[in-house]
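Q: Just the structure for this:
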Amino acid sequence: MDKNRAFEVLQRLAFERVSGTEKELEAAKLILEECEKAGVLVTIEPFEIDQPKVYEASIAVTQPVQETFYCTGLGKSGQTPAEGITAPLVYIHDGDDEDITDVKGKICLSTGGMSSDLRKKLVARGAVGYITTWGGFYDDEIMKTQVPHRTAVVAKDDDSNFPGVLMNLATAEKLLKTQPTVVKMVLRQDATAKGESRNVIATIEGTDLKEEQVVFSAHYDSVEFSSGAWDNGTGSITIMELMHYFKAHQPRRTVKFVWCGSEEIGLLGSYDYCEKHPEEIKKTILNINFDMTGVLMGGDMVFGSVDRSIVDRVLYLGKVKGHAFKSHMGLASTDSTSFALHDVPSMSFGTRTPRGGAEIHSRRDTMEHLDPDTFIRLCEFVADFASEIINSSVNVVPATLPKEVLDQKEAMIKRLGFDR
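A: Alright, predicted model coming up:
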């Protein structure tokens, strides 16, 4: 494996590549070309995504002062009449029952997000709209206006019109400090608009055990206002280096490499791959995902949606090789979860930083804090670990998912909106 080759690709991949945009397509084509240069069978597989178009979104305090605050509209949340809605504002924090006893006819400000369950509760109690938050108090002035365009999570059986907007947390605090009694919200959108995203899928066929497969995955899209070098350009080049490795070291089992589109808007690419390839999923003994690797200051983690024995093997090999890992059992907010939701044992590797370290989901996610040596060390470790599984005489990965995953599946399906 070659750290310099990998970081040269990362340098070209580190640009904003938001789901469903021409830039995401450009990134997919870049990955495709790298696979073709390596002589690996590869294809681009498109899939449809919801891509609501917000035409107008605004929030203004009208009493006791008049002041407008920057926000973006939440796609699919609903919309107001052209003239907007005017209503009292109530701050509900996380939306605990004690905080939502008096929301009828009001616009609710939540700093704890807006789950599909909370949305239903507020609608049932007569709330007419909501504000939720993004970012933090200490963001600079540029970042306070770099509020992403997000889509609301709405349950399958929820056809309510409950318009919502998103604003920076510091902006929301400034709004509350005006002690507003009445605010005006305007949100106009086409909630039914669709777009197209893509997965890039490469295949190295196995030899005598080719009917079974291991799938490596990483998302290649980014959020708005970010080059996505760490999140998740690094994961993308990790599986590319593993592709080079298994191209040079013929595997017994078939190995797939899936660069997933639209992870940042809800794991859509990986979920679509699992839905479209049921026969392949039946043959998949393990998914190994990567999300954010190679940062200089931080520690490696393994998230296990797989039998504990496989995670323990990672920890054991880490001790043998002097490579420390922390572990967590259960579902994670990354593409390995899509495989687990389709009953495929899965795991995800990533690097986590100390507080105040490298950042994601902002314009601060650049190559500045990434390190080629740290990056390639994890690549080499996983190549050794995965080779044991890919080339073992019998399948060593238990098919049964751990209790931690089974206990979380229903809630995760609802949270991601896959129950719609």
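Q: Show me what counts as buried in stretch 351-368.
A: Of the residues in stretch 351-368, those scored as buried under the neighbour-count criterion (16 or more other CB atoms under 10 Å) are 351, 353, 358, 360-362, 364-367. The C-beta positions use only the backbone N, C-alpha and C, and glycine is treated the same way.
Q: Now do residue 118 against residue 97, distance only.
A: Taking CB to CB, to the nearest Å as the criterion, residue 118 is separated from residue 97 by 10 Å.
Q: Domain map for the chain?
A: Following automatic domain parsing, the chain resolves into domains at 3-51+194-416, 54-189.
Q: Quick one: those as a markdown table, columns for mean pLDDT too.
A: Putting the domains of the chain into a markdown table (pLDDT from 0 to 100) gives the following:
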| stretch | mean pLDDT |
| --- | --- |
| domain 3-51+194-416 | 97 |
| domain 54-189 | 95 |
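Q: if you compare the ones you listed, which one is most tucked away?
A: Each of these was given a mean neighbour count from mean count of other CB atoms under 10 Å, and the largest, a mean of 20, is that of domain 3-51+194-416.
Q: Check this protein for its longest helix and report it.
A: Taking DSSP state H as the assignment, the helix of the chain that covers the most residues is helix 372-390.
Q: just checking, what packs against that one?
A: Identification of packing neighbours for helix 372-390 by 3 or more CB pairs under 8 Å, 6 or more residues apart in numbering; DSSP states H and E yields helix 3-13, strand 213-219, helix 235-248, strand 284-290, helix 308-321, strand 346-352.
Q: Kindly indicate which of the buried residues of stretch 351-368 lies nearest residue 229.
A: Sorting the buried residues of stretch 351-368 by how near they are to residue 229, with CB to CB, puts residue 367 at the top with 4.5 Å.
Q: which residues sit against whichever helix or strand comes after the longest helix of the chain?
A: Following helix 372-390 in sequence order, the next helix or strand is helix 403-416 (DSSP states H and E). When contacts are taken as CB atoms under 8 Å, 6 or more residues apart in numbering, the neighbours of helix 403-416 outside the stretch itself are 115-117, 153, 155, 266-267, 271, 305, 329-331, 337, 340-341, 419.
Q: rerun at 10 Å
A: Around helix 403-416, the neighbours that count as contacts under CB atoms under 10 Å, 6 or more residues apart in numbering are 113, 115-117, 153, 155-156, 266-268, 271, 304-308, 328-333, 337-338, 340-341, 343, 345-346, 400-401, 418-420.
Q: List the residues that contact the residue nearest to residue 383 when sequence neighbours are not counted.
A: Sequence neighbours aside, residue 245 is the residue nearest to residue 383 in space, at 4.9 Å (criterion: CB to CB, 6 or more residues apart in numbering). Listed by CB under 10 Å, 6+ apart, the contact set of residue 245 reads 1-2, 204, 251, 255, 379-380, 382-384, 386-387.
Q: Check residue 268 too.
A: Counting by CB under 10 Å, 6+ apart, residue 268 makes contact with 19-20, 47-50, 197, 199, 219, 221, 260-262, 335, 338, 416-418.
Q: now residue 119
A: Contacts were defined as CB under 10 Å, 6+ apart; by that measure residue 119 touches 77-78, 95, 110, 127, 130, 152-155, 158, 160, 162, 164.
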